[in-house]
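[1] Build me a model:
(one chain, ligands or ions: 1)
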Amino acid sequence: MNKRVLVKFSGEALANKEGYGIDTSVLKYIASEIKDLVDNNIEVGIVIGGGNIVRGVSASKDGIIKRTTGDYMGMLATVINAVAMQEALEYFGLKVRVQSAIKMQEICEPFIVRRAQRHLEKGRVVIFAAGTGNPFFTTDTAATLRAIEIGASMIIKATKVDGVYDKDPAKFKDAKKIPVLSYEMALEDNIKVMDDTSIALAKDNSIPIVVCDMFKKGNLKKIINGDYSSCSVVKKLN
Ligand code: GTP
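    Okay, here's the model as predicted:
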């Protein structure tokens, strides 16, 4: 079985209690979970969002900052998260490489897919930073793109909820979890798994998207080992 995966973490999940910046205890927790994967010979690519620092859409809301500039600011935020995560992973003794979609060679390597693949083969964790390098694309789309490029067997969207619901579980008590859904279902308006671009890309390449609770210890390993009981999976149905 192909044990190469791409894990997408939301930037927001890294935030401190005030909802901003980087909480190093979260970094440490994520790093220990990733170490557990690497110790089990799983090759891990990571994409982290930037919402804990700046979001393109929100930064450009009042029209002072153009959307394209706001999105570049968001991409820079993902680089900050990536280098912070690199440190946390190295703290646990892992080998890590950060590759950025926007060249900033003093800080990290440029994204080169063949090089990323070699790093993964050598057991290094590769963190893909700066989104796709283009405005108007989300880090979910970047995660899907990178997952396909590196030949990952799945994209794991590690988030604050334990799966996909028919309505927002934070707002509705009767929200029902959907354990398995098709790409078409994931594109429906009430189901916010990822944005449409990411879903379409995943669908075209038949790569499964697993949505799970990142704060449930051992969850990532469990999922990669084929136990989907505590998450939702978006995949091609029949
Ligand atoms: P191998 O070819 O498998 O030995 O990979 P490697 O990544 O160890 O080799 P390389 O000599 O390319 O990199 C050595 C160190 O320099 C690693 O920590 C890389 O992350 C870092 N590095 C390589 N290229 C760049 C770059 O363009 N910018 C930055 N900032 N660091 C780089």
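[2] need the longest helix for the chain.
    For the chain, the helix with the greatest residue count under DSSP state H is helix 67-91.
[3] List the contacts of Val98.
    79, 82-83, 86, 107-109, 126-127, 129 (C-beta atoms under 8 Å, 6 or more residues apart in numbering). In this view, the C-beta of every residue, glycine as well, is placed from N, C-alpha and C.
[4] Contacting the ligand as well, which ones from the residues you listed?
    By C-beta under 6 Å from any ligand atom, the members of the contacts of Val98 lying near the ligand are 107-109.
[5] so which of those residues is the most crowded?
    Greatest neighbour count in the ones next to the ligand among the contacts of Val98, by other C-beta atoms under 10 Å, goes to Cys108: 19 neighbours.
[6] so how far is Ala129 from that residue?
    For Cys108, the distance to Ala129 equals 6 Å [C-beta to C-beta, to the nearest Å].
[7] ok, now Glu188?
    Using C-beta to C-beta, Glu188 is found at 31 Å from Ala129.
[8] So these two - more neighbours on which side?
    Ala129 (33 against 12).
[9] Show me what that one is bridged to.
    Bridge pairing for Ala129 (DSSP bridges) gives the partners Ser100.
[10] I figured it hits Arg97, correct?
    No: using C-beta atoms under 8 Å, Ala129 is not in contact with Arg97, being 10.5 Å away.
[11] list residues touching both of the two?
    Common contacts of Ala129 and Arg97, defined by C-beta under 8 Å, 6+ apart, comprise Cys108.
[12] Is Ile178 in contact with Met185, as I believe?
    Yes: using C-beta under 8 Å, Ile178 is in contact with Met185, at 7.4 Å.
[13] what sits in contact with each of the two?
    By C-beta under 8 Å, 6+ apart, Ile178 and Met185 have these common neighbours: Ile191.
[14] picking up where we left off before, go through the ones next to the ligand among the contacts of Val98 and flag which are in strands.
    Glu109 (DSSP state E).
[15] quick one: contacts of the helix or strand bottoming out on mean pLDDT in the chain?
    Here the helix or strand of the chain ranked lowest by mean pLDDT, DSSP states H and E is helix 56-59, holding a mean of 85. If you take C-beta under 8 Å, 6+ apart as the criterion, helix 56-59 is touched by 65, 67, 69-74, 135.
[16] Identify each buried residue in that helix, please.
    Across helix 56-59, burial judged by 16 or more other C-beta atoms under 10 Å covers 56, 59.
[17] Wait, a helix at Ile191?
    No: Ile191 is assigned coil when assessed by DSSP: H, G, I helix; E, B strand; the rest coil, not a helix.
[18] the strands in the chain, which residues?
    4-9, 43-48, 96-100, 109-110, 125-129, 154-159, 164-165, 177-178, 180-181, 209-213, 231-234.
[19] Write out the residues of the chain neighbouring the ligand.
    Residues of the chain found near the ligand (C-beta under 6 Å from any ligand atom) are 97, 105-110, 118, 122.
[20] ok, back up a step: list only those of the contacts of helix 56-59 flagged as buried.
    The neighbour count (16+ other C-beta under 10 Å) marks 65, 70-74, 135 as buried among the contacts of helix 56-59.
[21] Including pLDDT, could these go into a markdown table?
    Shown next, in a markdown table, are the buried ones among the contacts of helix 56-59 (pLDDT from 0 to 100):
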| residue | pLDDT |
| --- | --- |
| Ile65 | 95 |
| Gly70 | 96 |
| Asp71 | 96 |
| Tyr72 | 97 |
| Met73 | 97 |
| Gly74 | 97 |
| Pro135 | 97 |
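[22] between these, which is nearest the ligand?
    Nearest to the ligand among those, counting by C-beta to the nearest ligand atom, is Tyr72 at 19.6 Å.
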